[in-house]
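Asker: Using only what follows, build the 3D model:
(4 chains)
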Number of protein chains: 2
Amino acid sequence: MSMPGLPPTAFALLGLLAFDADSEADSAADSAAGMTGYELKQRADFTLRYYWVSPAMSQIYTELRRLSVEGFVAEQPGDGPTRYRVTPEGREAVERWLFEGEVGFPVLKHPVALRLLMGRLSTPERLQEMLEQHLRDLDARRADLQGVRDMLGDDHQRRYAALVADWGLAYYDSESRIVADLRARLDTMD
Amino acid sequence: MSMPGLPPTAFALLGLLAFDADSEADSAADSAAGMTGYELKQRADFTLRYYWVSPAMSQIYTELRRLSVEGFVAEQPGDGPTRYRVTPEGREAVERWLFEGEVGFPVLKHPVALRLLMGRLSTPERLQEMLEQHLRDLDARRADLQGVRDMLGDDHQRRYAALVADWGLAYYDSESRIVADLRARLDTMD
DNA sequence: ACCGCATATTCCGATTAGGAACATTCCTAC
DNA sequence: GTAGGAATGTTCCTAATCGGAATATGCGGT
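Answerer: Next up, the predicted model:
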């Protein structure tokens, strides 16, 4: 019950497992219950990476073991790979976590902004190039996320995921606009 | 010369030191040259935290020692605290780093989006509350950054810092707008 | 039978995070 | 002046996290 100890990533994984359990409840005849660590990694790379981090494999398994100790997930070592399911306690724990304690402010690690900050030590041409590249990266990332958004469709089960995907898309659009403006300002700066 | 080894934070600090050196060159009669680790921490908390991380003290001193080994900063152990200055090699290293290699895409750790993603496990009321709190946090953060921006003024030396600060302000504004829209959509969702 | 690819898990070293702990100096109210 | 507290300056420790190499094990195709 040592709530404070679990890192957000643990709850994120727990959330994915809860989601998976709910989905499988519908498409009943689905072979095995729960997910393997590998599958969780896939899922995390697909959805989580846009708003959180894409956890390393090592971390996935670390968190799974920890969640298992807490009784929030149940391991099912069949003949094949180990499958993990959320327990009722686990589900309760995520729900509690969702509205408990400090949510905290987003942390941004923005290598482009960091370099622009030291613009004096570079040249306008190089900075323009860097921003142009950033715009291309933004386009690519936006396209990826749009793919995710399309896949979510208007399925009621996934409406929150869709909401957050739209948030992300709007963010990328806004960032592109801002960077375009910056490029214009850079031109008239020196 | 082991360039690849140095983490971005090291270059960020090196950049701050370079900036400091340039500033002191103007206001000549400034007592001691260079900065102490403590001062660097302050400076980092003031400017770097908006686009990068606010490095822990331990990390500041770790990086300083590493930079010293590389010959990118010079330690000056006077009678008081140790002061650090960029060396010409250090300055060269930042400049090289600025246009060399992969810049990389920003990484966002967004606890609010993460929780909204699991909205199914919460209630609309709680989610609204969370988003409202996020809007308040955004306002506060924006105000802080505006303070930084005001301090930068239109000093030619600091024009890039000002540019990046404006970027940040535009980002906060956009995020606020997006979240307000999300709140409206949430109301009509269930 | 063999190749290659996706799956599945463990392990390791290096970084990073986040402060506690510890001095020292500086300022300010009494 | 001086006692107490705030700011300065540095080290140290523990945990978390990263990032991928290493290692299996199936499974499908030829």
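Asker: what's the neighbour count on residue A:158?
Answerer: 16 (other CB atoms under 10 Å in any protein chain shown). C-beta: built from backbone N, CA, C; applies to glycine.
Asker: swap that for residue A:164, please
Answerer: Residue A:164: 26 neighbours (other CB under 10 Å).
Asker: That one against residue A:51, yeah?
Answerer: Yes - under the criterion of CB atoms under 8 Å, residue A:164 makes contact with residue A:51 at 6.4 Å.
Asker: anything in contact with each of these two?
Answerer: Shared contacts of residue A:164 and residue A:51, defined by CB atoms under 8 Å, 6 or more residues apart in numbering or on different chains, comprise B:113, B:117.
Asker: Excluding chain neighbours, what is closest to the most centrally placed residue in chain A?
Answerer: In chain A, the C-alpha nearest the mean C-alpha coordinate belongs to residue A:48, at 1.8 Å (CA atoms, centre = their mean). Once flanking residues are discounted, residue A:48 sits nearest to residue A:12: 5.9 Å by CB to CB, 6 or more residues apart in numbering or on different chains.
Asker: Return the per-residue confidence for the one you found.
Answerer: At residue A:12, the model reports a pLDDT of 92.
Asker: how much space between it and residue A:92?
Answerer: 16 Å (CB to CB, to the nearest Å).
Asker: Have a look at the two and say which one is more surrounded.
Answerer: Taking neighbours as other CB under 10 Å, residue A:12 and residue A:92 compare with residue A:12 leading, 25 against 13.
Asker: Tell me the bridge partners for residue A:76.
Answerer: residue A:83 (DSSP bridges).
Asker: residues near it, how many?
Answerer: Residue A:76 has 15 nearby residues by other CB under 10 Å.
Asker: now do residue A:64
Answerer: So residue A:64, with other CB under 10 Å, has 23 neighbours.
Asker: residues contacting it?
Answerer: With CB under 8 Å, 6+ apart, residue A:64 has these contacts: A:13, A:37, A:40, A:73, A:75, A:84.
Asker: wouldn't the first one be in contact with residue A:65 here?
Answerer: No - between residue A:13 and residue A:65 no contact is recorded; they are 11.5 Å apart, counting by CB under 8 Å.
Asker: neighbour-wise, which of those two wins?
Answerer: The neighbour comparison of residue A:13 against residue A:65 (other CB under 10 Å) goes to residue A:13, with 28 against 13.
Asker: Assign the residue nearest to residue A:11 when sequence neighbours are not counted to helix, strand or coil.
Answerer: Of all residues not flanking residue A:11 in the chain, residue A:97 sits nearest, at 5.0 Å (CB to CB, 6+ apart). At residue A:97, secondary structure determined by DSSP: H, G, I helix; E, B strand; the rest coil is helix.
Asker: any idea how far residue A:97 is from residue B:16?
Answerer: 37 Å.
Asker: Show me which residues of chain A sit near DNA strand D.
Answerer: For chain A, the contact set with DNA strand D under CB under 7 Å from any atom of the strand comprises A:5, A:7, A:8, A:9, A:53, A:54, A:55, A:56, A:57, A:58, A:59, A:62.
Asker: just to confirm, which helix or strand has the last one in it?
Answerer: Secondary structure here is read from DSSP states H and E; on that basis residue A:62 sits in helix A:57-70.
Asker: Tell me the buried residues in that helix?
Answerer: A:59, A:60, A:61, A:62, A:63, A:64, A:67, A:68, A:70 (16 or more other CB atoms under 10 Å in any protein chain shown).
Asker: Can I get it in PDB? Just the C-alpha atoms.
Answerer: Extracted in PDB, the C-alpha atoms of helix A:57-70 (Å, rounded to 0.1, in the frame of the first residue of the first chain):
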ATOM      1  CA  MET A  57      12.300  -2.400 -21.700                       C
ATOM      2  CA  SER A  58      14.300  -2.700 -18.600                       C
ATOM      3  CA  GLN A  59      12.000  -0.300 -16.900                       C
ATOM      4  CA  ILE A  60       8.900  -2.000 -18.000                       C
ATOM      5  CA  TYR A  61       9.900  -5.200 -16.400                       C
ATOM      6  CA  THR A  62      11.200  -3.400 -13.300                       C
ATOM      7  CA  GLU A  63       7.800  -1.700 -12.900                       C
ATOM      8  CA  LEU A  64       5.900  -4.900 -13.500                       C
ATOM      9  CA  ARG A  65       7.800  -6.700 -10.800                       C
ATOM     10  CA  ARG A  66       7.200  -3.800  -8.400                       C
ATOM     11  CA  LEU A  67       3.500  -3.700  -9.300                       C
ATOM     12  CA  SER A  68       3.400  -7.400  -8.700                       C
ATOM     13  CA  VAL A  69       4.900  -7.100  -5.300                       C
ATOM     14  CA  GLU A  70       2.300  -4.400  -4.400                       C
END
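Asker: Next, see if it gets close to DNA strand C.
Answerer: Yes - using CB under 7 Å from any atom of the strand, we find that helix A:57-70 touches DNA strand C at A:57, A:58, A:61.
Asker: Reformat these as JSON lines; add pLDDT.
Answerer: Shown next, in JSON lines, are those (pLDDT from 0 to 100):
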{"residue": "A:57", "pLDDT": "93"}
{"residue": "A:58", "pLDDT": "92"}
{"residue": "A:61", "pLDDT": "94"}
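Asker: Mind splitting chain A into its structural domains?
Answerer: A:3-99, A:111-187 (automatic domain parsing).
Asker: Include distance to residue B:137 when you put the ones you listed into a markdown table, please.
Answerer: Output for those, formatted as a markdown table (distance: least, CB to CB, whole Å):
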| stretch | distance to residue B:137 |
| --- | --- |
| domain A:3-99 | 16 |
| domain A:111-187 | 16 |
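Asker: Could you tell me the least trusted of these?
Answerer: domain A:3-99 (a mean of 85).
Asker: phi, psi of residue A:177?
Answerer: phi -60, psi -50 (degrees, to the nearest 10).
Asker: Also residue A:188?
Answerer: According to degrees, to the nearest 10, residue A:188 has phi -100, psi 10.
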